[in-house]
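>>> Turn this into a model:
(chains A and B)
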Amino acid sequence: MNAKPEKFIIDGLRLDGRRPDELRPLKISAGVLKRADGSCYLELGANKVMAAVYGPRQVHPRHMQDATKAIVRYRYNMASFSVGDRKRPGPDRRSIEISKVCRDAFQPVVIKERHPRLAIDVFVEVLQAGAGTRTAGINAASVALADAGIAMKSLVASCAVGKVDDTLVLDLMKEEDNYGQADMPIAVIPTTGEITLLQMDGHLTRDEFGTGFKMAMEGCQKIHEAQKEALAKCYQMKDDGGEQVGE
Amino acid sequence: MGSNNIIAEIQRDHMYNLLMRGERVDGRAFDEYRPISIETGVIARAEGSAHVKIGESQVVVGVKIQIGTPFSDTPDKGVIITNAELIPMASPSFESGPPKDYAIELARLVDRGIRESKALDLDRLCIEEGEKVWMVFIDIHALDYDGNLVDAASLGALAALLTATIPNKKYEVSDEDVQLTVREMPIAVTAIEFEGEIMVDPCLHEEAVASSRITVISNQDGSICGIQKIGTDSLTEDQVNRAVDMAINKAREIRERFFINI
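Coordinates of the predicted model:
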């Protein structure tokens, strides 16, 4: 792990040259996997995540099925090589919690009543981790769900705000995440501003919370635009009979 | 937890009708907790312990403090490990076996409050850098689940830590046991959102009916050290802000009532 930087913000700019309210470079490609019903590859800063959606499909084990609506399942998983020290493969407590809150982040938008007894399975693989993997995963999963043709009220966009050197910063990078004073990932329905995921740890005053929240909201709006663009691009190419792969 | 609850469907109507009159199922105000009781030192074999009741919900939290080796990335820091057992005794909906996601979420939320508020000075829990550190195990045992286990467990963890001793004698570190230093008093306050209203300390029925709740953990100076939205529904920004304000106020009340003299 890198040592803690002496200062996180120099002359108003962050370690990677961003302004406090700036996102890292974002690249989204929809429809990149052949077998999955929907998929998305997303890079956000150093993060590289792949999301795949299967379904609506039969539920196994059967007792999990809901006679009135589809169930949504979400698996967030980090590849063992995605982090500095090799991560032991398979779910751990952190990834189980993340899977749960991410699943719940999609419950309000997926129109589950359309598919009683069926399951919509979302798989998110973090191939390279660089702070903010859960938000990157949600952004990719959202596009993958749309790519799979799952009926949704809206996409979901997600982004974190944090605090370093007593300054609120959008979309934490690794050093800011490791040594910062706070981290607050949120996910929203961009069209209505409703919040579907909210977590926070660290230290924020009441005022910082309010201001940071608004910053994160704006970040989500920008991500939402990129998500729509990626989907449009993917389907435009499909119409032209061209390559289905995003780029 | 709530999805299997058949009563929920009937209760929802009932709760809605009451809400129209500004009431809750058990007659409480929207910002009112059920009776809270905290008893510390209930387990003699644990270094710290507490039995917490919020209404009919009951948890026992035991703190064990032992010597272990530090994590390789923090060789000079003690270790906090928080675990929650939602044992089948506490509810017909709890099953034996490895912890389910909601139990892990509960434990991680309690852990977040203690860790992020820096209530424990991890540097002081180091005995010999890279070799020996104190490991603080916070184990949460739910006995009776009548809603809002998060707040009960958090109160229990804090109370148990505040009354915990470091067992120097047992481990031959020195010949005197000392009190564990606790520098902050993070209090978790959970509220549900139901039909646009924010209600603190949901009982079982309310928890089953409301599809979303939010836990806000705040410090003595009113700053926030942890938040988690739990559940399948969305919240508006206004609802979040109301819940945060209510949580900070309630936390202050609880802290003054139970912890200032502990």
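>>> Might one say that residue B:243 is in contact with residue B:197?
No: Residue B:243 is not in contact with residue B:197 according to CB atoms under 8 Å; the separation is 10.6 Å. C-beta: built from backbone N, CA, C; applies to glycine.
>>> pull the longest helix from the chain.
Since you didn't name a chain, this refers to chain A. Ranked by residue count, the top helix of chain A under DSSP state H comes out as helix A:206-239.
>>> um, chain B though
helix B:237-254.
>>> Indicate whether that one makes contact with chain A.
Yes: against chain A, helix B:237-254 shows contacts by CB under 8 Å from any CB of the partner chain at B:237, B:240, B:241, B:244, B:245, B:248.
>>> returning to that earlier point: which neighbouring elements make contact with the longest helix of chain A?
Helices and strands touching helix A:206-239, by 3 or more CB pairs under 8 Å, 6 or more residues apart in numbering or on different chains; DSSP states H and E, are strand A:26-30, helix A:133-147, strand A:157-164, strand A:167-170, strand A:182-189, helix B:237-254.
>>> can you rerun that using 6 Å?
If you count contacts as 3 or more CB pairs under 6 Å, 6 or more residues apart in numbering or on different chains; DSSP states H and E, helix A:206-239 packs onto strand A:26-30, helix A:133-147, strand A:157-164, strand A:167-170, strand A:182-189.
>>> Of all those, which one is nearest chain B?
Closest approach to chain B among the helices and strands packed on helix A:206-239 is made by strand A:182-189 (6.2 Å; CB to the nearest CB).
>>> Need the CA coordinates for the helix or strand just after that closest one. CSV is fine.
The element immediately downstream of strand A:182-189 (helix or strand, assigned by DSSP states H and E) is strand A:194-204. Extracted in CSV, the C-alpha atoms of strand A:194-204 (Å, rounded to 0.1, in the frame of the first residue of the first chain):
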residue,chain,number,x,y,z
GLU,A,194,-34.7,9.3,-5.1
ILE,A,195,-32.0,7.5,-3.1
THR,A,196,-31.7,3.8,-3.5
LEU,A,197,-28.3,3.3,-1.7
LEU,A,198,-26.8,5.3,1.0
GLN,A,199,-23.8,4.4,3.2
MET,A,200,-21.3,6.5,5.0
ASP,A,201,-18.4,5.9,7.2
GLY,A,202,-15.8,8.3,8.6
HIS,A,203,-16.5,11.7,10.0
LEU,A,204,-18.8,14.4,8.6
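>>> now check strand A:194-204, is it near chain B?
Yes: between strand A:194-204 and chain B, judged by CB under 6 Å from any CB of the partner chain, the touching residues are A:194, A:195, A:196, A:198, A:199, A:200, A:201, A:202, A:203, A:204.
>>> Show me which residues of chain A sit near chain B.
Taking CB under 6 Å from any CB as the criterion, chain A approaches chain B at residues A:93, A:96-97, A:100, A:104, A:107-108, A:194-196, A:198-205, A:209.
>>> Now a PyMOL select for only the buried ones of those residues.
A single PyMOL command selects the buried members of the residues of chain A next to chain B (16 or more other CB atoms under 10 Å in any protein chain shown):
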select buried, chain A and resi 93+96+97+100+104+107+108+194+195+196+198+199+200+201+202+203+204+205+209
